[in-house]
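In: kindly generate the corresponding structure for this input.
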Amino acid sequence: MSSNNFNDTPERPARRGFLKAGGAAVAAGATLGATNIAHAAVHAKQDAAIADPMLAVEPFYGEHQGGIVTPQQAHTYVAAFDLTTTSRDDVINLLRQWTDAAARMTQAQPAAKLDGVGDDHPAPDSGDALGLGAAGLTVTFGFGPGLFTSEGKDRYGLAHRRPAALVDLPRFNGDQLLAEKTGGDLYVQACANDAQVAFHAVRQLARQGYGILHMRWGQAGFLSGPRAQTPRNLMGFKDGTNNPPTADPKLMNQFVWATDADAPWMQGGTYTVVRRIRITLEHWDQMELGFQEQVFGRHKYSGAPIGKQKEFDAVDLDAQDKDGNPQIPENSHVRLSNRASNNGAQILRRSYSYNDGTDFYIERWPPWRQETEYDAGLIFVAHQSDPRTGFIPINEKLAKFDMMNQFTTHVGSAIFACPPGAKPGSFIGAELFAA
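Out: The predicted structure follows:
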């Protein structure tokens, strides 16, 4: 993402001017004075959220789900679940329960009311996040292809409502996908400014689904960087500079929000691709700085395109060096992923780094080392209006030609249809299950 603000607040008068105006209002009338006091309380709350990200609160209900164009939080926990129930009503009831729990947790409340449950029953909430604050929590839900058909069966009467854009992802060149990190019927993405708050949210939803689903995979991720600056990935480069600006509704409608004619229930939703990409950091760390910059097509420290000075300077794919060669290499990541190289296509990246300790690993590229290495890399998350014109053609090109491939291996993959936001009193995906 090109912006990492935790909260955006409108401009307001200086404190001294505000207090002076408030005093005049009180003198003029008690009602107006009460209004100013209320505004002061709102501003104080906003100021507190800016000063302490643990106090930030994001809305749950709305036209779109949170966690898609929301300014990126510092932590995530993403998970996919496989449904084991054969009952359509079970799925609907689960989504109702999940919607209510997510709405509560995003407002710093427990997943369910704590009173009214005896000590001879499991607690309604595990309690590990009590008192931590909302921490800017967003919870995003998605539906995988398996919700519509599984092993050729239409389990829930939804097969005819599967959007054409919810395709089965092809196998890309170099993929080494692990079944235990791939696929899933239901997707949950919790993002927050605190790791425990994000994990707690997914944990409560998993608890509520006991008996009708089981977890297929889960992954924690983190994001580090100063506010209002593009974060860096574990390779040390800024990640997300060329994202379409989320503040531009026209571009979001063009590239992110779904407008499927065959699936009206997805209007205002998005299609999300999740890839777990392992990076051989030991190999990468031995590369010369100049080579690393050629791989990315950007200067490492400034983030500027090669040949430019500032991060957001326009990428010039026609620029040549003194020998007449492309200044930005033909097989650099920036060139191959650039909108100009992909028929104008763009996707919204909202990725996180991960670090799962170490394990034994065999590289698929020279020097083909076999050793204990970091199990670390990138949780690649991309939102788009249609993966057939977004992620798939872009990644097909990257998988074949990107210089970065000698340092990365895609070991997990999934695709989900994330419906529009839920309405109060309803539940996420209600339009899919209607009649």
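In: direction included, what does the top strand by length along the chain pair against?
Out: In the chain, assigned by DSSP state E, the strand with the most residues is strand 370-384. For strand 370-384, the paired strands and their directions (DSSP bridges) are strand 270-279 (antiparallel), strand 348-349 (antiparallel), strand 352-362 (antiparallel).
In: got a pLDDT number for A165?
Out: As summarised for this prediction, A165 has a pLDDT of 98.
In: how close does it sit to V57?
Out: Here A165 is placed at a distance of 32 Å from V57 (Cβ to Cβ, to the nearest Å). In this view, the C-beta of every residue, glycine as well, is placed from N, C-alpha and C.
In: please say which of these two ends up with more neighbours.
Out: A direct count of neighbours by other Cβ atoms under 10 Å for A165 and V57 places A165 higher, at 21 against 16.
In: what about the nearest residue to the more buried one once chain neighbours are set aside, how many neighbours?
Out: Nearest residue to A165 in three dimensions, chain neighbours excluded: D386, at 4.7 Å (Cβ to Cβ, 6 or more residues apart in numbering). Neighbour count of D386, defined by other Cβ under 10 Å: 20.
In: who's in contact with D386?
Out: Listed by Cβ atoms under 8 Å, 6 or more residues apart in numbering, the contact partners of D386 are 165, 258, 260, 271.
In: out of the residues you listed, who's nearest L132?
Out: For the contacts of D386, the residue nearest L132 by Cβ to Cβ is Y271; the value is 32.0 Å.
In: what's opposite that closest one in the beta bridge?
Out: Assessed by DSSP bridges, Y271 has beta-bridge partners Q384, A417.
In: so what's the spatially most central residue of the chain closest to, chain neighbours aside?
Out: Taking Cα atoms, centre = their mean as the criterion, R350 is the residue nearest the geometric centre of the chain, at 4.5 Å. Excluding the flanking residues, the one nearest R350 by Cβ to Cβ, 6+ apart is V381, at 4.7 Å.
In: identify the residues contacting the one you found.
Out: V381 is in contact with 78, 189, 272-274, 349-352, counting by Cβ under 8 Å, 6+ apart.
In: repeat that for D82.
Out: By Cβ under 8 Å, 6+ apart, the neighbours of D82 are 146, 184-185, 213-214, 216.
In: what's the angle from the host helix or strand of it to strand 352-362?
Out: Here D82 sits within strand 75-83, counting by DSSP states H and E. Angle of strand 75-83 versus strand 352-362, following axes from the mean of the first three to the mean of the last three Cα atoms, to 10 degrees, is 70 degrees.
In: that older thread, using PDB, write out every CA atom in the longest strand of the chain.
Out: Presented in PDB, the C-alpha positions along strand 370-384 are these (Å, rounded to 0.1, in the frame of the first residue of the first chain):
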ATOM      1  CA  GLN A 370      20.000 -27.800   1.400                       C
ATOM      2  CA  GLU A 371      20.100 -26.400   4.900                       C
ATOM      3  CA  THR A 372      18.100 -25.000   7.700                       C
ATOM      4  CA  GLU A 373      16.700 -21.600   6.600                       C
ATOM      5  CA  TYR A 374      14.200 -19.000   7.600                       C
ATOM      6  CA  ASP A 375      10.600 -20.000   6.900                       C
ATOM      7  CA  ALA A 376       9.800 -16.400   6.000                       C
ATOM      8  CA  GLY A 377       8.300 -14.400   3.200                       C
ATOM      9  CA  LEU A 378       5.200 -12.600   2.000                       C
ATOM     10  CA  ILE A 379       1.500 -13.200   2.400                       C
ATOM     11  CA  PHE A 380       0.500 -11.800  -0.900                       C
ATOM     12  CA  VAL A 381      -3.100 -10.500  -0.800                       C
ATOM     13  CA  ALA A 382      -4.500  -8.900  -4.000                       C
ATOM     14  CA  HIS A 383      -8.000  -7.500  -4.500                       C
ATOM     15  CA  GLN A 384      -9.500  -7.000  -7.900                       C
END
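In: name the residues of that strand that are buried.
Out: Residues of strand 370-384 classed as buried: 373-384 (neighbour count, 16 or more other Cβ atoms under 10 Å).
In: also stretch 343-354?
Out: Applying a neighbour-count criterion of 16+ other Cβ under 10 Å, one finds 345-354 buried in stretch 343-354.
In: ok, now stretch 89-107?
Out: Under the neighbour-count criterion of 16+ other Cβ under 10 Å, stretch 89-107 has 90-92, 94-95, 97-106 buried.
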